[in-house]
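A.B. asks: Structure for this input, please:
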Amino acid sequence: MQQKKENFINAENKVISIINKIIEDYTGCIEIINSSNDIEFLKNIFSVIIRNTICLNKIIENKEKINDQKKYKLLNEVNNENIFFKYYNEFKNKNAINAFINSSFDVKSNVIKEIFGTYNKDIPISFSTLESVNNTLLFNNTNIQSGLSFLSFPAGLVSGDNSCILGKDGHVFLTEGSNRLRELCLMDNNAPEAHNISEKWLGLIRERKEKVLRRGSKFIQVIVPEKISAMPDYFVGDFFGPTAYLKNIEDNDIYEYISCLDIFSNINTQDAYKRVDTHLQPLGAFAIFNAISEKFFGQIFPTPQFFRQRVSGGDLSYRFFGHGVREVIYEAEMSEETRFRKLVENILPRPGAHNGQRNVWRNSQAPLDLKVVAFGNSFFGSGLDQCCLGWWFSHFCKEFHHFWSPEIDYDYLDAVNPDFVICQTAERFLGRVPQA
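C.D. replies: The predicted structure is shown next:
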């Protein structure tokens, strides 16, 4: 038994070693792609990542064999049951495909043709379609529709698990589940629960502001609304957002709070959110960033043209048909001064968790001479694509830190002394009021 435990520990160490190598290669790829059109050089780098992909998938295959042999007990004893998939998912979150986002279309097309075309037959099936954890696939704009086929379904269709409703123009809306969205949208604003939760949030915002100000920084609170709240014209159902919690918060005039509902009222919300996902399109993420920059940083940026296209799945894409549904994501080509960011710190969370992840980015050429620290969730994300708020802050600010956490780490603020502190949550999480 002791020998078997040692074998599993060795396997875990091997996974960690491979992941560290992939992350190292990936981080370098971002910087190199931003500054190089040398396809031969890129081919050498990506071939290393592809080889690591193959090796890592062999380990995943071993995990499947372990399952077949029903060795869960042994895995639990050495606390390794989730270690394989945890690190596998961490790899996919940092898949080299995402590094293309900052590169030109010429680089994209050449790399896809010359690198992935060469290695495609050797890549496991999940990677042969060039998919990442978000089922992302990059295309040239001229043939973006060629890989997609379209069917029409009636608006109002409910998913098999009753958690989602298909709205107009292909938008899927989350309506049920542990976050009780339907119930909270139907709840009266003056209900005791609504009053209690909203008062706790208002008190928390005031307390955060005071503690941050005492440290010489400025505070911003962001709540990203649900699609049912931000785009009611596309929803088909017997209720509408916002939830009672958000309504009560929005009714208060707090300078440090920025209303995303107000931001989205000035743009086409159909273009602000993804269709088969609860998260934002790049335009939506940019709109929030730009509104914060205008109100708190004193600088507004021209809205870029979101013409660059890629295809992606989403967190709601499997709810209806058991197979991933795809949609088009519209991104922007960025100005030169935003292309110099570097990932200087990347702290991974504990196995099976998101909270605890920390990314620190620096950009010596950024137009905003600011250090910003954000405490948020997947809407800030890892900063690796334009759908994340973190992508925009890390490109436009000279230093940007993102903690994946619902709470503020005040000791960290004391250590880094930021200019601004942002706290962000989503409307569906308002029922979980963080500790003061």
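A.B. asks: Report the contact partners of Ser405.
C.D. replies: 355-356, 375-376 (C-beta atoms under 8 Å, 6 or more residues apart in numbering). Bear in mind the C-beta positions are built from the backbone N, C-alpha and C, glycine included.
A.B. asks: TSV please, covering those and showing distance to Ser163.
C.D. replies: Output for those, formatted as TSV (distance: C-beta to C-beta, whole Å):
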residue	distance to Ser163
Asn355	23
Gly356	27
Phe375	28
Gly376	24
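A.B. asks: can you tell me which two in those are farthest apart?
C.D. replies: The span of these, defined through C-beta to C-beta, is set by Gly356 and Gly376 at 13.1 Å.
A.B. asks: can you list residues touching both of those two?
C.D. replies: 404-405.
A.B. asks: Pick out whichever of these two has more residues nearby.
C.D. replies: Using other C-beta atoms under 10 Å as the criterion, Gly356 and Gly376 rank with Gly376 on top: 22 against 12.
A.B. asks: quick one: that one and Val421 touch, right?
C.D. replies: No: at 11.1 Å, Gly376 does not count as touching Val421 under the criterion of C-beta atoms under 8 Å.
A.B. asks: which residues does Val224 contact?
C.D. replies: For Val224, the contact set (C-beta under 8 Å, 6+ apart) comprises 260, 280, 288, 379, 424-427.
A.B. asks: same thing but at 10 Å, please
C.D. replies: 230, 260-261, 264, 273, 278-280, 284-285, 288, 376-380, 389, 424-429 (C-beta atoms under 10 Å, 6 or more residues apart in numbering).
A.B. asks: Sort out for me which of those residues are in strands.
C.D. replies: 376, 424-426 (DSSP state E).
A.B. asks: Reformat the residues you listed into TSV and put pLDDT and distance to Thr269 next to each item.
C.D. replies: Below are the ones in strands among the contacts of Val224 laid out as TSV (pLDDT from 0 to 100; distance: C-beta to C-beta, whole Å):
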residue	pLDDT	distance to Thr269
Gly376	96	21
Gln424	98	19
Thr425	97	20
Ala426	97	16
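A.B. asks: and the residue nearest to Phe239 when sequence neighbours are not counted, what does it touch?
C.D. replies: Nearest residue to Phe239 in three dimensions, chain neighbours excluded: Cys185, at 4.7 Å (C-beta to C-beta, 6 or more residues apart in numbering). Counting by C-beta under 10 Å, 6+ apart, Cys185 touches 175, 226, 228-229, 237-247, 427.
A.B. asks: Narrow those to those in helices?
C.D. replies: Within the contacts of Cys185, residues falling in helices by DSSP state H are 228-229, 244-247.
A.B. asks: and of the residues you listed, the nearest to Ala332?
C.D. replies: Ser229 (25.5 Å).
A.B. asks: Export stretch 404-415 to PDB, keeping only CA atoms.
C.D. replies: The C-alpha coordinates for stretch 404-415 follow below in PDB (Å, rounded to 0.1, in the frame of the first residue of the first chain):
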ATOM      1  CA  TRP A 404     -10.300  35.900  -7.300                       C
ATOM      2  CA  SER A 405     -12.000  36.600  -4.000                       C
ATOM      3  CA  PRO A 406     -15.300  38.000  -2.800                       C
ATOM      4  CA  GLU A 407     -13.500  39.700   0.200                       C
ATOM      5  CA  ILE A 408     -10.800  42.300   0.500                       C
ATOM      6  CA  ASP A 409      -7.400  41.300   1.700                       C
ATOM      7  CA  TYR A 410      -6.400  44.500   3.600                       C
ATOM      8  CA  ASP A 411      -3.000  43.200   4.500                       C
ATOM      9  CA  TYR A 412      -2.300  42.900   0.800                       C
ATOM     10  CA  LEU A 413      -3.400  46.400   0.200                       C
ATOM     11  CA  ASP A 414      -1.000  47.600   2.900                       C
ATOM     12  CA  ALA A 415       1.800  45.800   1.100                       C
END
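A.B. asks: Buried residues of that stretch, list them for me.
C.D. replies: Neighbour-count burial for stretch 404-415 flags 404-406, 408, 412-413 (criterion: 16 or more other C-beta atoms under 10 Å).
A.B. asks: ok but the residue nearest to Phe239 is inside a helix, no?
C.D. replies: Yes: under DSSP: H, G, I helix; E, B strand; the rest coil, Cys185 sits within a helix.
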